[in-house]
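A.B. asks: After the sequence you'll find the predicted model.
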Amino acid sequence: MFVNQPNQQQLPINTYPKWKYVLIIVVLALAFLYAAPNIFGKDPAVQISGLRDTMVTQQQLDQIQKAWADEGVTPLSIDLATIGEQGVNKVIARFSKPAEQLKARELANDVLNPTLENQNYVTALNLAPSTPRWLANLGGEPMKLGLDLRGGIHFLMQVDMDQALKRQQDQLRRDFIDTLTEQNPSIRGRVEPIENGMLLSFRNQEDAERAYEALFKAHADRIDLQLSEKGGRPIIRGTLNKQKLQEIKDHAIDQNRVILSSRVNSLGVAEPLIQRQGADRIVVQLPGVQDSALAKQILGATASLEFRLVNEEADVVGAQNGRIPPGNKLFDTEYGPILVYDEVEVSGDHLTNATATYDPQTNEPIVSVRLDGEGGSKMTRTTAANVNKRLAMILKESRPIFDIVDGKRVLVGSELEERVISAPNINGTFGSRFTITGRFTEPETRDLARKLRSGALIAPTFIVEERTIGATLGEENIQKGITSVIIGFSLVLAFMLVYYKLFGLVANVALSLNLVMIVCVMSLMGATLTLPGIAGIVLTVGMAVDANVLIFERIREELRAGARPAQAIDKGYGHALSTIADANITTAIAAIILFAIGTGPVKGFAITLFIGILTSMFTAIFVSRGIVNLMYGGRTVKKLSI
């Protein structure tokens, strides 16, 4: 005899299983926990740090605190970061009022940087979170504020792509020569630069064909090669292909952005923004910074160092009369005119540190230089093979050339300036550590060391636009943004409560929780809140209301069609789900596209919009349904307050 097994017990209509309620409670608890840091706000603070390896000593701290006490400036607290044997690398002093913050910054700067030449420390205006320590230990941090809300400096920097391509062209010349030398040393020809490539000319067709074969094997992935004739002589025209040209430009932008990021870090700026804009520009935003002089000094440094051998055998007098040997360049130095080979033995790319110091024997200002492992090996090989010869140290700096086009200041190019700062005799082998001497003054050594350790840019990058947004304007924007959210939110709450009664109250609770979750997610992600971001939040509130309106109107339709209240609730939420999902998915796709192709304010709007879509889906569908289930689920209901 067969017996039918009873089905598993089904939950009553409009009832959630316990695990769903637990999930909602856990999610909301975490949302409140990680949104809480934004309640405590931020204290006006002064951040003190040394450039690169400079430390703030205890004696300097005592002097700063004495200067503050003499002027009646009392910090709320002083936090020290990474305490070492010689001092600390960062000090954050909190104050109760912006006026005290500004005064404290001036006093600290007077103590640490007493003269214009002695600028080894940064005293930056910042906002330090006043989050309780226990909450900060759990990872709770307030949202970052954008430049339009906090105030600060905005730089638009343009990369000189012509110089980036020229640098790659120089590398291509060396690669061609190395390839032909390694493959077949008997090949004889001449290499000269052309646009985006090199032109090689040969004495006979046989050499040209062998060179073509060798170059094709080694460089076909990046070079378009063409074998032809010019003036009765065989030539090879090698030009960078389109893919390689685009790769060079992208690399120049990306590498310069990384280097600029390291320079900004040396300024001690909290929450900076460095991002690409368009084909050849980089946006640098420094929130909280009001004095742009030092920022421009650090960001605008374009110096790089090259080490080349001096041609001791060439006719310098003939070179002065225009007879410069191929592969050489004439320089006028304080030691007299010299000829220097074009071949770079060691480039500034290998430089890891440069500090201003004094010669222990003569007490003259010098610059101490340190190279990385590869650079040290190259320097060792060069000096070992050229003892008693001179090694020229050439400083290369690019200066921008601007023009006025349609009433706007536009970068039209740059001028490369090269000068020999020192050409000492190689008395013995040395490697990764050495000094640069050149009859420098003390300020000159500091300036040279600062430029060198800033990191050589892949291509010259110049400031083409600068804007300073005051802290007062930022506070005004915050107040306007908060006011707009409050007004819009209040009107929505009032409408929902009046029009949908008890169900409107449920929607209002879900909307409030949605705002908390948006703040929580943005805080955890480290997203930056901007004015367009606030607009995205306001729009999200409207979209979250739209989801509730769809659900409630569907419930009303079911009631008018004669459905019982419990069934109307179930069908209202169930049937409206697909419509809500479609609307939110299409908006989410639009937000993703805006974030991918947009810049600055557009990205800020897209981030908050996308986050708001995700959180509103959760609160409008799961949270509001959970509240309704608690009120009406599992019992007989004769009438709904909707």
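C.D. replies: Sure, I can see it. Keep in mind that this is a model prediction, so the values were computed, not measured.
A.B. asks: Would you mind extracting the C-alpha trace of stretch 557-572 into PDB?
C.D. replies: Provided in PDB are the C-alpha atoms of stretch 557-572 (Å, rounded to 0.1, in the frame of the first residue of the first chain):
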ATOM      1  CA  GLU A 557      -5.600  47.800  -8.000                       C
ATOM      2  CA  GLU A 558      -5.800  44.300  -6.500                       C
ATOM      3  CA  LEU A 559      -8.100  45.600  -3.800                       C
ATOM      4  CA  ARG A 560     -10.400  47.300  -6.400                       C
ATOM      5  CA  ALA A 561     -10.400  44.100  -8.300                       C
ATOM      6  CA  GLY A 562     -11.900  42.300  -5.300                       C
ATOM      7  CA  ALA A 563      -8.900  40.600  -3.800                       C
ATOM      8  CA  ARG A 564      -8.700  40.100  -0.100                       C
ATOM      9  CA  PRO A 565      -6.200  42.400   1.700                       C
ATOM     10  CA  ALA A 566      -3.600  39.600   2.400                       C
ATOM     11  CA  GLN A 567      -3.700  38.500  -1.300                       C
ATOM     12  CA  ALA A 568      -3.500  42.200  -2.500                       C
ATOM     13  CA  ILE A 569      -0.300  42.700  -0.500                       C
ATOM     14  CA  ASP A 570       1.200  39.500  -1.800                       C
ATOM     15  CA  LYS A 571       0.300  40.200  -5.400                       C
ATOM     16  CA  GLY A 572       1.200  43.900  -5.100                       C
END
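A.B. asks: Report the buried residues of that stretch.
C.D. replies: Glu558, Leu559, Ala563, Pro565, Ala566, Gln567, Ala568, Ile569, Asp570, Lys571, Gly572 (16 or more other Cβ atoms under 10 Å). In this view, the C-beta of every residue, glycine as well, is placed from N, C-alpha and C.
A.B. asks: tell me the mean pLDDT over it?
C.D. replies: The pLDDT scores in stretch 557-572 average 86.
A.B. asks: Among the buried residues of stretch 557-572, which pair sits farthest apart?
C.D. replies: Pairwise distances across these peak at 12.2 Å for Leu559 and Asp570 (criterion: Cβ to Cβ).
A.B. asks: So what touches stretch 60-67?
C.D. replies: Ile48, Ile78, Gly87, Val88, Val91, Leu107, Ala108, Asp110, Val111, Leu112 (Cβ atoms under 8 Å, 6 or more residues apart in numbering).
A.B. asks: tell me the pLDDT at the third one?
C.D. replies: Spelled out, it's Gly87. Looking at Gly87, the pLDDT reads 66.
A.B. asks: do the second one as well
C.D. replies: Confidence at Ile78, expressed as pLDDT, is 86.
A.B. asks: what secondary structure does it sit in?
C.D. replies: The three-state assignment at Ile78 reads strand, by DSSP: H, G, I helix; E, B strand; the rest coil.
A.B. asks: do the first one as well
C.D. replies: Secondary structure for Ile48, judged by three-state DSSP, is strand.
A.B. asks: wait, what's in contact with it?
C.D. replies: 56, 64, 90-93, 108, 112, 121-124, 268.
A.B. asks: In those residues, which residue is surrounded by the most others?
C.D. replies: Neighbour counts for the contacts of Ile48 (other Cβ atoms under 10 Å) peak at Ala93, which has 28 neighbours.
A.B. asks: May I have the beta-bridge partners of that one?
C.D. replies: Beta-bridge partners for Ala93, by DSSP bridges, are Val46, Ile78.
A.B. asks: those helices in the stretch 1-150 of the chain, which residues are they?
C.D. replies: Ranges of helices in the stretch 1-150 of the chain, per DSSP state H, counting those that start in this stretch, are 18-35, 37-40, 58-70, 98-112, 133-137, 147-150.
A.B. asks: Show me what the mean pLDDT comes to for stretch 277-288.
C.D. replies: In this model, stretch 277-288 has a mean pLDDT of 82.
A.B. asks: And stretch 622-639, by the same measure?
C.D. replies: pLDDT averaged over stretch 622-639 gives 82.
A.B. asks: mind checking the end-to-end distance for that stretch?
C.D. replies: One end of stretch 622-639 sits 23 Å from the other (Cα to Cα, to the nearest Å).
A.B. asks: what sits up against that stretch?
C.D. replies: The contact list for stretch 622-639 (Cβ under 8 Å, 6+ apart) reads 12-16, 20-21, 24, 28, 502-503, 506-507, 509-510, 513, 548, 551, 564-566, 569, 573, 640.
A.B. asks: Buried subset of the residues you listed, written for ChimeraX?
C.D. replies: Buried members of the contacts of stretch 622-639 can be picked out in ChimeraX with the line below, counting by 16+ other Cβ under 10 Å:
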select :14,16,24,28,503,506,507,510,513,548,551,565,566,569,573,640
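A.B. asks: From the contacts of stretch 622-639, which land in strands?
C.D. replies: Among these, DSSP state E puts none in strands.
A.B. asks: quick one, longest helix in the protein?
C.D. replies: Taking DSSP state H as the criterion, the chain has its longest helix at helix 471-525.
A.B. asks: Please pull up the helix or strand immediately following that helix.
C.D. replies: Sequence-wise, the next helix or strand downstream of helix 471-525 (DSSP states H and E) is strand 528-529.
A.B. asks: What pairs with that following strand, parallel or antiparallel?
C.D. replies: Strand 528-529 has the following strand partners under DSSP bridges: strand 144-145 (parallel).
A.B. asks: any idea which of the helices of the stretch 1-150 of the chain is most buried?
C.D. replies: helix 147-150 (a mean of 26; mean count of other Cβ atoms under 10 Å).
A.B. asks: Output the contacting helices and strands for that one.
C.D. replies: strand 281-287, helix 471-525 (3 or more Cβ pairs under 8 Å, 6 or more residues apart in numbering; DSSP states H and E).
A.B. asks: switch the cut-off to 10 Å
C.D. replies: strand 121-129, strand 152-159, strand 281-287, strand 461-469, helix 471-525, strand 528-529, helix 531-560 (3 or more Cβ pairs under 10 Å, 6 or more residues apart in numbering; DSSP states H and E).
A.B. asks: in this structure, which residue is closest to the centre?
C.D. replies: Using Cα atoms, centre = their mean, the residue of the chain that lies closest to the mean C-alpha position is Ile274, 3.0 Å off.
A.B. asks: Give me the contacts around the helix or strand hosting it.
C.D. replies: Using DSSP H and E, Ile274 falls within strand 273-277. Residues from elsewhere that reach strand 273-277, judged by Cβ atoms under 10 Å, 6 or more residues apart in numbering: 144, 146-147, 152, 154-159, 250, 253-254, 256-264, 281-287, 299, 528, 530, 599-600, 603.
A.B. asks: What remains of the residues you listed if I keep only buried residues?
C.D. replies: Among the contacts of strand 273-277, those buried by neighbour count (16+ other Cβ under 10 Å) are 144, 146-147, 152, 154-159, 253, 256-257, 259-260, 263-264, 281-287, 299, 528, 530, 600, 603.
A.B. asks: Walking through the stretch 201-350 of the chain, point out its strands one by one.
C.D. replies: 223-230, 233-240, 273-277, 281-287, 304-309, 328-333, 336-341, 346-347 (DSSP state E, counting those that start in this stretch).
A.B. asks: Which neighbouring elements make contact with the shortest one?
C.D. replies: Using 3+ Cβ pairs under 10 Å, 6+ apart as the contact criterion, the secondary-structure elements in contact with strand 346-347 are strand 304-309, helix 373-385, strand 391-405.
A.B. asks: for the second one, what is the average pLDDT?
C.D. replies: I take that to be helix 373-385. 85.
A.B. asks: one step back: what about the helices of the stretch 1-150 of the chain, which gets the closest to Leu330?
C.D. replies: Here helix 98-112 is closest among these (Cβ to Cβ), at 43.4 Å.
A.B. asks: got the angle between the closest one and helix 471-525?
C.D. replies: Orientation of helix 98-112 against helix 471-525 (axes from the mean of the first three to the mean of the last three Cα atoms, to 10 degrees) gives an angle of 90 degrees.
A.B. asks: and the closest residue to Lys230 other than its chain neighbours, how many neighbours?
C.D. replies: Distances taken as Cβ to Cβ, 6 or more residues apart in numbering place Ser201 nearest to Lys230, at 7.0 Å, with adjacent residues excluded. Neighbour count of Ser201, defined by other Cβ under 10 Å: 17.
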